[in-house]
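**Student:** Sequence plus predicted model, see below.
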Amino acid sequence: MRELIRAKEAFRFYTRLHLSELTGLRASTLSQLAGLIKQVPGSCIYYHTHRFLQQHQYLSPEPPNDFAYWVSEALGEDELGEKLASIDTIQYSTIRGLRDKIAITIEDYLRNNALAKLRFAREGEEFHFMKSVSFVIPTNYIAHDLKEFVDILKKITIDSIYFHIFEARLRLEKGDNDFSNWIKSSVGDKELADEISGLDPYTQTLDGLRNTIVKKVEQRIL
Amino acid sequence: MAKIEEYIPIVGQSIIDDLKLLAERLKGKVVQHINSTPVGGGVAEILNCMIPLLRELGIDTRWDVIKGGEQFFEVTKKFHNALHGRAEEISQRDFEIFMETSQQNLENVNTYGDIVFVHDPQPIGLIKKKAVNKWLWRCHVDVSNPNERVWRFLMDFIVQYDSAVFSAPAFSRKLPIRQFLISPSIDPLSDKNKELPQETIDSVLRKYNIKKDKPIITQISRFDRLKDPVGVIEAYLQVKKYINCQLILAGGTAEDDPEGLKVLEEVKEKAEMDKDIHILLLPHNNIEVNALQRASDVIIQKSLREGFGLTVAEALWKAKPVVASNVGGIPLQIKHKYSGLLCHSIEGAAFAIKQLFNSPEYARKLGENGREHIRNNFLLTRHLRDYMLLFLSLYHTEDVVYL
């Protein structure tokens, strides 16, 4: 077993619980959808690109974002649905960037597919814009080294993992996930930090992600 | 009544730990729920489950009920139907009756809570007593296509609240106040949902003279036109042409629903000719409802409108294959062909039931997926968490709140 490096600063695990806020805004057509995507608060874009990760945590593969799902299921525009589903969310470090990409994808498609403008959702199947309100709470779990870190990681809620991986990076615009930031700056293990940063968390379940990170950390300390 | 720790084997320790963390941040606040009936109907049922648990978590939670005479409840029933989009004759006198009873309640109900949580339209007028405390209005009704006159009347009250809560995204409209999506829930440890020994199920079937000699289709719901019990019988008759089965229509009536008995009579008349149709009036007998759901092969919920449709969650929690209308909160609970089958018509319902009877393996898989979906999203513990977050949101306006 390697000698454990004591972190310069301890890592406190937070958890994040969320409430869905309704906006009353709805779209029936692709033009309306694109128009509203450009106007709504960033919290709406965040909600509709991340909701499935938590709500259908046991489902894999899962519909990647609400826009893609609605465009395919309610409008029958499978090609656009696929384009929206395959947007590589991890490449964007801000909601702003992700929002622009989604809007441009829809607008480009509309320009090249005149008939798509005529599609509309039947009554009751409109797209309803919602917002995510996050409540961030410190837990009692604190890690001073990688051993403590991995022990906690095994038992912490998936909400906590979600917060440190997804919310910290994109919504709070920290540039990277919290785990990698801490491992790099406080533990000094840049290689492990980069390995975790290099994962695509959007294509696995939260428990799958937990197991992958646990394995990577254990390989370093055992 | 179950203790909070008893939910750990069902949802896991970490979910309960989160609830305790949130409750600590609401210490010292008095939360007062107000509705119109202590028993019958989904609202009373949810409050009866939730209040003891919120208290156990350390939140001072109380429950008051407004008073109203027969005339008042007839008017609020009309409002209820009109909000669901049904054509109703609503006179000026009806609005006056509503205002008169609201006035009496304004004089008699003490709104002492730091947070006053008003459920449904009946007590909505109490908002006139708003002081420095926070007020929430919880709409349990499907208001996706409301009668505009009734909605405008209610809007004058709604806009005075701090926040409103709806059960499905389609119910939201542009409002000048904050509005949240909170789905209702079921209590997995209540008499209606807990595991039952086979003897109990058998004895309930014996009591109602139902033999398990042919597959059972069941709809559990109040006898109410919006639940379309007559449509259920028609769907059953279409299935019966090909598959020898039986139908149970079982439910009670709520105190604030004077129309219920009339609908029950109509349904009985329609069912008279077929001895395999069992019409059961079960006022608040939850063990029997539980047993009937568990004894069923397919559960149907063919509502025309639905505030949420908790009977769907109840059936899915028992891992039953469900056929239900694509209305209200039902599509939140059933992802079509994944955790149940959605339908839009009597013919569609009959077709779906036949599919399930003819493909038992598929039916079993739908039921299992449904149970997991309910475990993750529609159990009481998620509802408790959302309510506590909702209370906290009254004191924080930002989108990311650090507690």
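**Tutor:** Cool, the structure landed. Numbering: from 1, shown residues only, chains lettered A, B, ... in the order given.

**Student:** And the contacts of the lowest-mean-pLDDT helix or strand in chain A?
**Tutor:** Within chain A, confidence by mean pLDDT, DSSP states H and E is lowest for helix A:42-55 among all helices and strands, at a mean of 87. Under the criterion Cβ atoms under 8 Å, 6 or more residues apart in numbering or on different chains, residues A:18, A:20-21, A:23, A:37, A:59, A:62-67, A:69, A:89, A:95-96, A:98-99, A:102, A:129-133, A:158-159, A:162, A:166, A:170-171, A:202, A:206, B:376-377, B:399 lie in contact with helix A:42-55. Using the backbone N, CA and C atoms, a C-beta is placed for each residue, glycine as well.

**Student:** Enumerate the residues of the stretch 301-403 of chain B near chain A.
**Tutor:** B:326-327, B:372, B:376-377, B:385-386, B:389-390, B:392-393, B:399-403 (Cβ under 8 Å from any Cβ of the partner chain).

**Student:** Identify, from those residues, the entry nearest to B:Ser345.
**Tutor:** Comparing these against B:Ser345 with Cβ to Cβ places B:Asn326 closest, at 10.2 Å.

**Student:** Not counting sequence-adjacent ones, nearest residue to that closest one?
**Tutor:** Excluding the flanking residues, the one nearest B:Asn326 by Cβ to Cβ, 6 or more residues apart in numbering or on different chains is B:Leu342, at 4.3 Å.

**Student:** The one you found belongs to a strand, doesn't it?
**Tutor:** Yes - the assignment for B:Leu342, made by DSSP: H, G, I helix; E, B strand; the rest coil, places it in a strand.

**Student:** what's around B:Val327, how many residues?
**Tutor:** For B:Val327, the neighbour count with other Cβ atoms under 10 Å in any protein chain shown is 24.

**Student:** ok, the nearest residue to it once chain neighbours are set aside - contacts?
**Tutor:** The spatially closest residue to B:Val327, leaving aside those adjacent along the chain, is B:Glu306, at 5.1 Å (Cβ to Cβ, 6+ apart). By Cβ under 8 Å, 6+ apart, the residues touching B:Glu306 are B:Asp142, B:Leu226, B:Ser325, B:Val327, B:Gly328, B:Gly329, B:Ile330.

**Student:** still on that earlier bit, dump the least confident helix or strand of chain A to PDB, keeping only the CA atoms.
**Tutor:** Presented in PDB, the C-alpha positions along helix A:42-55 are these (Å, rounded to 0.1, in the frame of the first residue of the first chain):
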ATOM      1  CA  GLY A  42     -30.100  29.500 -17.600                       C
ATOM      2  CA  SER A  43     -31.700  27.400 -14.800                       C
ATOM      3  CA  CYS A  44     -34.300  26.200 -17.400                       C
ATOM      4  CA  ILE A  45     -31.600  25.000 -19.800                       C
ATOM      5  CA  TYR A  46     -29.900  23.400 -16.900                       C
ATOM      6  CA  TYR A  47     -33.100  21.600 -15.800                       C
ATOM      7  CA  HIS A  48     -34.000  20.300 -19.200                       C
ATOM      8  CA  THR A  49     -30.500  19.000 -19.900                       C
ATOM      9  CA  HIS A  50     -30.000  17.300 -16.600                       C
ATOM     10  CA  ARG A  51     -33.300  16.200 -15.200                       C
ATOM     11  CA  PHE A  52     -33.200  12.700 -16.600                       C
ATOM     12  CA  LEU A  53     -29.900  12.000 -14.800                       C
ATOM     13  CA  GLN A  54     -31.600  12.100 -11.500                       C
ATOM     14  CA  GLN A  55     -35.100  11.100 -12.200                       C
END
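
**Student:** still on that earlier bit, just the buried ones from the contacts of helix A:42-55?
**Tutor:** The neighbour count (16 or more other Cβ atoms under 10 Å in any protein chain shown) marks A:18, A:20-21, A:23, A:37, A:59, A:62-67, A:69, A:89, A:95, A:98-99, A:102, A:129-133, A:158-159, A:162, A:166, A:170-171, A:202, A:206, B:376-377, B:399 as buried among the contacts of helix A:42-55.

**Student:** Mind checking which of the residues you listed land in strands?
**Tutor:** A:His18, A:Ser20, A:Glu21, A:Thr23, A:Phe129, A:Met130, A:Lys131, A:Ser132, A:Val133 (DSSP state E).

**Student:** out of the residues you listed, who's near chain B?
**Tutor:** A:His18, A:Ser20, A:Glu21, A:Thr23, A:Met130, A:Lys131, A:Ser132, A:Val133.

**Student:** quick one, domains of chain A?
**Tutor:** With domains defined by automatic domain parsing, chain A comprises A:11-16+A:135-221, A:24-130.

**Student:** I'd like to know which of those is closest to B:Glu107.
**Tutor:** Of those, nearest to B:Glu107 by Cβ to Cβ is domain A:24-130, at 34.1 Å.

**Student:** picking up where we left off before, least reliable of the domains of chain A going by mean pLDDT?
**Tutor:** Across the domains of chain A, the stretch with the lowest average pLDDT is domain A:24-130; it has a mean of 89.

**Student:** which ones among the contacts of helix A:42-55 are found in helices?
**Tutor:** A:37, A:66-67, A:69, A:95-96, A:98-99, A:102, A:158-159, A:162, A:206, B:376-377 (DSSP state H).

**Student:** Most widely separated two among those?
**Tutor:** Of all pairs drawn from the ones in helices among the contacts of helix A:42-55, the one with the longest distance (Cβ to Cβ) is A:Arg96 and B:Asn376, at 31.0 Å.

**Student:** What sits closest to the residue of the stretch 1-150 of chain B found nearest chain A if chain neighbours are left out?
**Tutor:** Nearest to chain A, among the residues of the stretch 1-150 of chain B, is B:Ser14, at 4.1 Å (Cβ to the nearest Cβ). What sits nearest to B:Ser14 in space, not counting adjacent residues and going by Cβ to Cβ, 6+ apart, is A:Thr157, at 4.1 Å.

**Student:** Count the neighbours of the one you found for me.
**Tutor:** Other residues close to A:Thr157 by other Cβ under 10 Å number 20.

**Student:** circling back to that earlier point, put together JSON lines for the domains of chain A, with distance to B:Lys67 on each row.
**Tutor:** Listed next are the domains of chain A as JSON lines, based on distance: least, Cβ to Cβ, whole Å:
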{"stretch": "domain A:11-16+A:135-221", "distance to B:Lys67": "37"}
{"stretch": "domain A:24-130", "distance to B:Lys67": "33"}
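
**Student:** quick one: which of those domains is nearest B:Gly41?
**Tutor:** Judged by Cβ to Cβ, the one of the domains of chain A that comes nearest to B:Gly41 is domain A:24-130, at 24.3 Å.

**Student:** ok, back up a step: wait, isn't the residue nearest to B:Asn326 in contact with B:Val327?
**Tutor:** No - if you go by Cβ atoms under 8 Å, B:Leu342 and B:Val327 don't touch, sitting 9.2 Å apart.

**Student:** I'd like the mean pLDDT over stretch B:157-168, please.
**Tutor:** The model assigns stretch B:157-168 a mean pLDDT of 96.

**Student:** Sorry, slip of the keys, the one I care about is stretch B:352-370.
**Tutor:** On average, stretch B:352-370 scores 95.

**Student:** Other residues contacting it?
**Tutor:** Counting by Cβ under 8 Å, 6+ apart, residues outside stretch B:352-370 touching it are B:215, B:217, B:235-236, B:239, B:242-243, B:245, B:297-298, B:300, B:315-323, B:333-334, B:337-341, B:343.

**Student:** at 7 Å what do you get?
**Tutor:** B:215, B:217, B:235, B:239, B:242-243, B:298, B:300, B:316, B:319-323, B:338-341, B:343 (Cβ atoms under 7 Å, 6 or more residues apart in numbering or on different chains).

**Student:** Check which residues of that stretch are buried.
**Tutor:** Neighbour counts over stretch B:352-370 (16+ other Cβ under 10 Å) mark B:Ala352, B:Ile353, B:Lys354, B:Gln355, B:Leu356, B:Phe357, B:Ala363, B:Leu366, B:Gly367, B:Asn369, B:Gly370 as buried.

**Student:** picking up where we left off before, who's in contact with the residue nearest to B:Asn326?
**Tutor:** Contacts of B:Leu342 (Cβ under 7 Å, 6+ apart): B:Ala324, B:Asn326, B:Pro331, B:Ile334, B:His336.
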